[in-house]
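A.B. asks: Below: sequence and its predicted model.
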Amino acid sequence: MLELLWVIPALPFAGSLLLALAGRRLPRGAIASIGAGSVGLSALITGLVAAGFLSASASGGFSYTQTLWRWLDIATFRPSISFYLDPLSLVMILVITFVSFLIHLYSTEFMVGDEDYSRFFAEMNLFVGSMLTLVLADNFLLLYLGWEGVGLCSYLLIGFWYREPQNGYAARKAFVVTRVGDTALAIALFLIFTHLGTLRIQEVMLRARHAWPTGSALATLTALLLLGGAVGKSAQLPLQTWLPDAMAGPTPVSALIHAATMVTAGVYLIARTNVLFMLSPAAMGVVAVIGAATLLLAGFSGLVQHDIKRVLAYSTISQIGYMFLALGAGAWSAAIFHFMTHAFFKALLFLGAGCVILAQDQEHDMFKMGGLRKEMPLVFWTFLIAGCSLSAVPLVTAGFYSKDMIIWKAYSSTLGGFWLWAAAICGALLTSLYTFRMVVLTFFGPLRKRATKLPGWRMSVPLVVLAVLSIAGGLVNFPKNLGGNSALSTFLTGVLPSFVTAPGRAEREGLFGIFSGCVSLGGILLIVLFMRSRKYEHIAESAPGRALHHFWFTGWAFDRFYDLVLVHPYAMLARINRGDIIDYFYTGIAWLGRQSWRGLTATENGRVRSFVLGIAVGAAVLIGLAVFL
Amino acid sequence: MILVWLIVIPAAGGLLSWLTQRVSPAWPKYVAFTAMAADLIVAACLAAFRPGATEFMVPWIPQFGIDFYLACDGLSLVLVLLTAFLGLMAVASAWTEIRDRTGFFYFNLLLTLSGITGVFLALDLFLFYFFWEVMLIPMYFIIALWGHENRVYASYKFFLFTQASGLLMFVAILALYFLHGQNTGHYTFNYTQLLGTRLSPAAAMLIMLGFLIAFAVKLPSIPFHSWLPDAHTEAPTAGSVILAGLLLKTGAYGILRFVLPLFATAVHHFAPVAMALGVASILYGALQAFGQRDLKRMIAYTSVSHMGFVLLGAFAWNRLALYGVVMQILCHGISTGALFILVGGLQERLHTRDIDLMGGLWAAMPRMGGAMMLFAMASLGLPGLGNFIGEFLVLLGVFEVSPVLAVLASLGFITACVYSVWIVQRTIQGPNAQEWKSPDLCGRETAVMAAMSVLILWLGLYPRPVFTAVAPYVENLRAPVVVSQALRGESP
């Protein structure tokens, strides 16, 4: 079974290649079959591999490496194209292939009217292949290949409708901003190889543990550079600005890339290199603080958006902030747990939003929607389930179990504390507020515009499946007070460091859980009452309200800052120096040559008078020189 | 003897193609194509059957110690293969573009290629200089006769830069010749015998700079790069392909073959300056590329940026960096060559190179759009494509030597991303405001792009054959470091 591992990323790559080369000559049905089929098959094989892995790893601590070929072979630098399967990568590929398949299935119907149907699936398949390569990579170089591959696909798919200049802008912004992070990651690789002599991830971890003492400067530097890569891909502070604009792409793209999979690459990277981070408490602190700050900032911004997809975009940034917070607090498996549940409910939210947008003739503005509850009941109910899961409605949703675990551990960890907990709980409140603001605006109130198009079976099935998972997904792990099941955490032990509870903070988990549950329910209640009382508009219309609204709406003015400090100066410099200042030196020489030629030809004017003058002056100068020297 | 064939076939093919023009103006291109195909086959045979070093030597002017001495090790081999391959691609890309004096055009093109092959094979410094000139003059004609609007200015500039720096190199060669002669009483231009020449530090530095400036002009490195945007822009497509894909590589090759082995100590002393220039080229070239309006000028400046990696990596004198440099040379030749072919195709269709007048061409020309995207991505160093291997290895190697410069140079990843996506945006994406309706790549162009795409992907995913080929060169080169360090210890 396990030997099939290489097929998992190979299938989407093959699908992509086939569609890129022959896609325009194929009928839509064939394109859909290849596009969704390759990923579906890949998901099936992932299931087989998982079964094989589970039966082989009964004893625990099992991992499987499959080498396809040696990529480079220069002295000690010998990375190969190899895949590495352990519990962490297994969880990742299960979620990725399964969610991707559902989204591909959805897209076969969603994109059916698009002229570039085959290009869409070619790029989507390429993305899935790259993402699988990223998480399965045995060495950092291959990981980097997947890492850049998903960046490329993100760029291609955000700018999928390339005729609109603003889509192109969003795509370029995403690519360039994430590349800033990628460059930090590349530098981290240089550092790792120079000091540890290998890029094989497991080997690096082993050597780092021996070579670098806890708190060493090199470990901190490496961890921070890796973090730089992670914040780029995962849209965390300070590189979060690209993600809201990335909503320019087709909605399935947002669901797949900018919610469920690619943006969690940073979380995966940190989890994968946990040894390096554990060696540096400072870096762990930075991860936690970035997570906490991002989840709050994005939460506030999500609260004031008009575009339904932008709400979800900020929500994604905020939820990944939770994952970062969990990582920084040392709650490793909680981060992966939240990654999983988030993949389900956020994909569902985006797919639901896609249905809504399609039904409202490409309208994105929630204020122009309303009352769709009765128009599209299936979309409404699944969207509501996902919204509840996102808001962490207690007991019944998967989101509650994963998020509550993070909130609790942010407090109880040796690396955590009150402030991290407070940020997490405020974030939970914000999540409920922005989520149900969106639900109310879209589905409740008076009907503004009838739904023109209802989803067919290929769009409905993914909604239903994801809705089930958004509820049942929590069953893999829930707290001891409710019976206790730590299947996921147990499965991940050995790969991820175990969680360390701070002394004296072990108790009262139940109390904290009840509190966070109340906060999320209270948030929902608050926003529903608030929206009904129409006070919202009053506050938004007041002068300070408007200023704050604008500030949050524009994402805390990060874009303006970067434009002012980096983008405009660079563009201006390029424009001013278009003629190339260095060339002026050479054209200057040429000019000088021509001027002296002109000067000298002027003396050859054929007039005896000036010749005599020349001779006289020359003689005078010579005599003068002879006398004075 | 096979080495002589590599030089003779293009030259003879060029001559023949000039002659056949009298029969019919349609003939020269077929003759030229056949000749380059034959050249590629011969080069491939050389690679397949004689993987080790091959030599050919007959005395030429024995009175002055000048031999007709050709040799082909792994480094020369990969470059000769690149020359034959890109030569073939260039001939194919000129197919419909060149309409007048076709025979003379192909004569010049193939003569340049012959000269370039000679440069990559010659191990007698006099012969090397001879080939250096052979490749220059036909290229001057190509720009001056078949170029675009501002061709006269560009061709003069190209000629003056290359000729002036070439003369500097000739002086340096002569200086080396005489100093070696005085030391040993044996006057020779033979590279292998000159290798061990003991020079005073000052003399070594001066002679090294003579070589280096000539190569840095060709490479080009700032501040000697300003001939390049003009020449590349004004040259016809095939000329741009040869310029960017091969002529620049002669500079890189010169550094690897002559500057490093002959002047190890001076190189070590000069390394910080050269590496800094490399980094500056990377960043400055990328900035300039982003600012251009003329598409060919844009791509020309990206060459400045990419060749900065070569200068940086070569002077880092580190195993990984040197392998990276070779890879960068090959992949830049292919990717930039492909971009110039694409732009040439665009110009043939749209009659403009102004990016302000382009846009939205993807729908009209999906194949061209796909190829443009692929090679723009290669240009920004996307893993999986060859250029990434080159740049990554260079930076990895440089990081061991100078982390600061490596970090600065890796900013080039970001700036390359900026200009690459800008090229894509302004050509194939955005609204098709001018409502261009042009035919997509034809069969011939598609075949050219397919060959180049496969190659760049192959080099990105399985580059080891190249590394195996150049391993003897790189591993031998590492030896003089020890010597030079010893020398530095001896003499203050």
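C.D. replies: Alright, I've got the coordinates.
A.B. asks: Can you tell me the SS state at A:Leu68?
C.D. replies: Secondary structure state of A:Leu68, per DSSP: H, G, I helix; E, B strand; the rest coil, is strand.
A.B. asks: Contact partners for it?
C.D. replies: Shown in contact with A:Leu68 (Cβ atoms under 8 Å, 6 or more residues apart in numbering or on different chains): A:6, A:80-83. Backbone N, C-alpha and C define where each C-beta goes, glycine included.
A.B. asks: hmm, try it at 7 Å
C.D. replies: Taking Cβ atoms under 7 Å, 6 or more residues apart in numbering or on different chains as the criterion, A:Leu68 is in contact with A:6, A:81-82.
A.B. asks: Kindly report the same for A:Thr76.
C.D. replies: Remark: with contacts taken as Cβ under 7 Å, 6+ apart, A:Thr76 is in contact with A:Gly197.
A.B. asks: For B:Leu396, see how far away it is.
C.D. replies: 11 Å (Cβ to Cβ, to the nearest Å).
A.B. asks: same question, B:Asn183
C.D. replies: Between B:Asn183 and B:Leu396 the distance is 39 Å, computed by Cβ to Cβ.
A.B. asks: Where does pLDDT dip in the stretch 501-629 of chain A?
C.D. replies: A:534-537, A:540 (pLDDT under 70).
A.B. asks: How many residues are close by A:Ala170?
C.D. replies: A total of 22 residues lie near A:Ala170 under the criterion other Cβ atoms under 10 Å in any protein chain shown.
A.B. asks: got a pLDDT number for it?
C.D. replies: A:Ala170 is assigned a predicted lDDT (pLDDT) of 91.
A.B. asks: Tell me the helices and strands packed up against whichever strand or helix holds it.
C.D. replies: A:Ala170 is part of helix A:165-196 when elements are defined by DSSP states H and E. Packed against helix A:165-196, as judged by 3 or more Cβ pairs under 7 Å, 6 or more residues apart in numbering or on different chains; DSSP states H and E, are the following elements: helix A:140-158, helix A:201-211, helix A:217-233, helix A:242-245, helix B:386-401, helix B:403-427.
A.B. asks: quick one: contacts for residue 330?
C.D. replies: By default, I'm working from chain A. A:284, A:413-415, A:497, A:499-500.
A.B. asks: meant chain B, my bad for not saying
C.D. replies: Per Cβ under 7 Å, 6+ apart, neighbours of B:Leu330: B:78, B:82, B:386, B:459, B:466.
A.B. asks: how close does it get to B:Ala378?
C.D. replies: Separation of B:Leu330 from B:Ala378 (Cβ to Cβ) stands at 12 Å.
A.B. asks: which residues touch residue 98?
C.D. replies: Just so you know, I chose chain A. A:Phe98 is in contact with A:Ala43, counting by Cβ under 7 Å, 6+ apart.
A.B. asks: let's do chain B instead
C.D. replies: Applying Cβ under 7 Å, 6+ apart, one finds that B:Ile98 lies in contact with B:105, B:146, B:236.
A.B. asks: Excluding residues flanking it in the chain, which one is nearest the residue of the stretch 201-350 of chain B found nearest chain A?
C.D. replies: Nearest to chain A, among the residues of the stretch 201-350 of chain B, is B:Gly291, at 3.1 Å (Cβ to the nearest Cβ). Closest residue to B:Gly291 in three dimensions, ignoring its sequence neighbours and counting by Cβ to Cβ, 6 or more residues apart in numbering or on different chains: A:Ala574, at 3.1 Å.
A.B. asks: so the one you found makes contact with B:Phe290?
C.D. replies: Yes. Distance between A:Ala574 and B:Phe290: 4.6 Å, which falls inside the contact criterion (Cβ atoms under 7 Å).
A.B. asks: What's the separation between the spatially most central residue of chain A and A:Val150?
C.D. replies: In chain A, the C-alpha closest to the average C-alpha coordinate belongs to A:Val263, at a distance of 2.3 Å (Cα atoms, centre = their mean). Relative to A:Val150, A:Val263 is positioned 9 Å away (criterion: Cβ to Cβ).
A.B. asks: now do A:Ile471
C.D. replies: Spatial separation of A:Ile471 from A:Val150 under the definition Cβ to Cβ is 29 Å.
A.B. asks: out of these two, which sits in the busier spot?
C.D. replies: A:Val150 (26 against 22).
A.B. asks: who's in contact with that one?
C.D. replies: A:127, A:130-131, A:134, A:262, A:265.
A.B. asks: when you check chain B, which of those residues turn up near it?
C.D. replies: The subset of the contacts of A:Val150 within reach of chain B, by Cβ under 7 Å from any Cβ of the partner chain, is empty.
A.B. asks: Quick one, which of these are buried?
C.D. replies: For the contacts of A:Val150, a neighbour count by 16 or more other Cβ atoms under 10 Å in any protein chain shown gives the buried set as A:127, A:130-131, A:134, A:262, A:265.
A.B. asks: Can you lay out those as CSV showing secondary structure?
C.D. replies: Formatted as CSV, the buried ones among the contacts of A:Val150 follow (three-state DSSP):
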residue, secondary structure
A:Phe127, helix
A:Ser130, helix
A:Met131, helix
A:Leu134, helix
A:Met262, helix
A:Ala265, helix
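A.B. asks: which among the residues you listed gets closest to B:Leu357?
C.D. replies: Distance to B:Leu357, by Cβ to Cβ, is smallest for A:Phe127 among the buried ones among the contacts of A:Val150, at 32.8 Å.
A.B. asks: Ignoring the adjacent residues along the chain, who's closest to that closest one?
C.D. replies: With Cβ to Cβ, 6+ apart as the criterion, A:Phe127 has its nearest non-adjacent residue at 3.5 Å, and that residue is A:Cys153.
A.B. asks: Would you mind measuring from the one you found to chain B?
C.D. replies: Separation of A:Cys153 from chain B (Cβ to the nearest Cβ, to the nearest Å): 11 Å.
A.B. asks: I'm done for today, thanks for sticking with me.
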